[in-house]
Structures are given as structure tokens and as C-alpha cells.
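> Provided below for reference: sequence and predicted model.
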Amino acid sequence: MSTLRASSRYAKALLDLARERNALDVIKTDSDTLLAVLKESRDFRVFLQSPVIKPDQKLKTLKTVFSGQFDPLLNAFMDLLVKHGREAHLKDVLEKYTSLYLAEKNVVRARIASASALNPEQVNQLLALLKTPTSSDVQLEQVVDPALIGGFVLRVADKQVDASVATSLAKLQREFDKNLYIADF
């Protein structure tokens, strides 16, 4: 089974269990914390991915490190991943859980990259444009990228609007490069 498919299935199972136990928000908070640890600690990622360390040692270490910090459901879920040999995919599973959680709560995720920081009025206008009748909230990630020169690149789900000056200049350059006119003088 592919990593993506396995991660999706485990994330959906975690979401279903959390929904049954009315712990969606608690598991989301705990998974955000665990994701932050995974992103910050290279040693922890290597530990989880190591085929040399035996699963029972991984379980023991996880219980020691995270005892009492997370909801029992998340601890049991991590145990299940280790027992099934999927602990190396924990980061992917938790990221997929976050996506499923946001979809469950009708939250729209958007990312805007601009050459300079947006002012609060622009952010409010953008949030108003992105909010749909079916969405309850918009989660906007702002990135400042001076390489864009001007304009912005907006990404919502699988759609992208690129209105940056850098892209416009690149298109113009390509048009000049394929200009077939040859001066005859």
C-alpha cells in the first residue's frame, strides 16, 4: 500500500474515532503539538523511521516521553501505528488528519504570497472574498516573498492565482524569445 493511501486511511480512522468520542478539537490540538515536535526535532523523526530500533523499544520510549501529555486516544493511536509498522508515516498521518479536520469544520485554507506584507484592510478584504456560504472560517497563511517583485500568488485548495510581476515578466520574456521576426537590415 502506498504511503499516501496508508496515511489517508489512518488519518480517516483517527478522525472517525475522535468524532465518536467527541474529541475532534482535543485531538487536533494534540496533533498540532506533535506535528510541531516532529518538524523541529530531526532526532525524533530519525528515531521513528529507524528500522534498527525495535517496535517494542519505540513504544516504550513514546510512552515515557509523551505520558500524560496527550489525549489517551492519540497515545493509543501512536501505539497502533508502531504495532503496524507505520510510525515513520506519523507526520503524514497527522497532516492528513489536519486537512480532514478542517474539511469537517468547513474551514477554507488559503496561502497568499506577496512582495510586501499585506495591511489589515487588505487581509480583511481577502478574507471576505474567500469566505463562502458553506465555509465557517478561513485560515489564511501569509508569506512575504520579495522575489515576486510586486503583486501576489494566492493558493486556495488546489487552485492558484498568480498575479505577480515576476510571472508577468517571465511570460513577457518567453514571448520575446519566441518572436519570429528577423530584422532584414
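Right, received. Where do you want to start?

> Tell me the spacing between the spatially most central residue of the chain and Val156.
For the chain, the residue nearest the mean C-alpha position is Glu95 (5.5 Å; CA atoms, centre = their mean). Distance of Glu95 to Val156, computed by CB to CB, to the nearest Å: 18 Å. For glycine as for every other residue, the C-beta is placed from the backbone atoms N, C-alpha and C.

> now do Ser116
To Val156, Ser116 is 21 Å away according to CB to CB.

> Could you do Ile53 as well?
Using CB to CB, we find Ile53 at a distance of 41 Å from Val156.

> mind giving me the domain split of this structure?
For the chain, automatic domain parsing gives the domain ranges 3-103, 106-177.

> out of those domains, deepest packed?
Among those, judged by mean count of other CB atoms under 10 Å, the one packed with the most neighbours on average is domain 3-103 (a mean of 16).

> tell me the SS of Ala85?
For the record, residue 85 is Gly, not Ala. What DSSP: H, G, I helix; E, B strand; the rest coil gives for Gly85 is coil.

> is it true that it touches Lys58?
No: taking contacts as CB atoms under 8 Å, Gly85 lies outside contact range of Lys58: 10.2 Å.

> got any ranges where this protein has weak pLDDT?
Within the chain, the stretches with pLDDT under 70 are 1, 182-185.

> Would you state the helices of it in chain order?
Secondary structure of the chain, counting by DSSP state H: helices at 3-20, 24-40, 42-49, 55-66, 72-83, 90-104, 120-130, 165-177.

> Give the other helices and strands that the third one contacts.
Taking 3 or more CB pairs under 8 Å, 6 or more residues apart in numbering; DSSP states H and E as the contact definition, the neighbouring helices and strands of helix 42-49 are helix 24-40, helix 55-66.

> would you turn these into TSV with distance to Glu104?
Formatted as TSV, the helices and strands packed on helix 42-49 follow (distance: least, CB to CB, whole Å):
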stretch	distance to Glu104
helix 24-40	7
helix 55-66	25
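
> would JSON lines of the helices of the chain with distance to Ser136 be doable?
Shown next, in JSON lines, are these (distance: least, CB to CB, whole Å):
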{"stretch": "helix 3-20", "distance to Ser136": "16"}
{"stretch": "helix 24-40", "distance to Ser136": "13"}
{"stretch": "helix 42-49", "distance to Ser136": "33"}
{"stretch": "helix 55-66", "distance to Ser136": "31"}
{"stretch": "helix 72-83", "distance to Ser136": "24"}
{"stretch": "helix 90-104", "distance to Ser136": "10"}
{"stretch": "helix 120-130", "distance to Ser136": "12"}
{"stretch": "helix 165-177", "distance to Ser136": "32"}
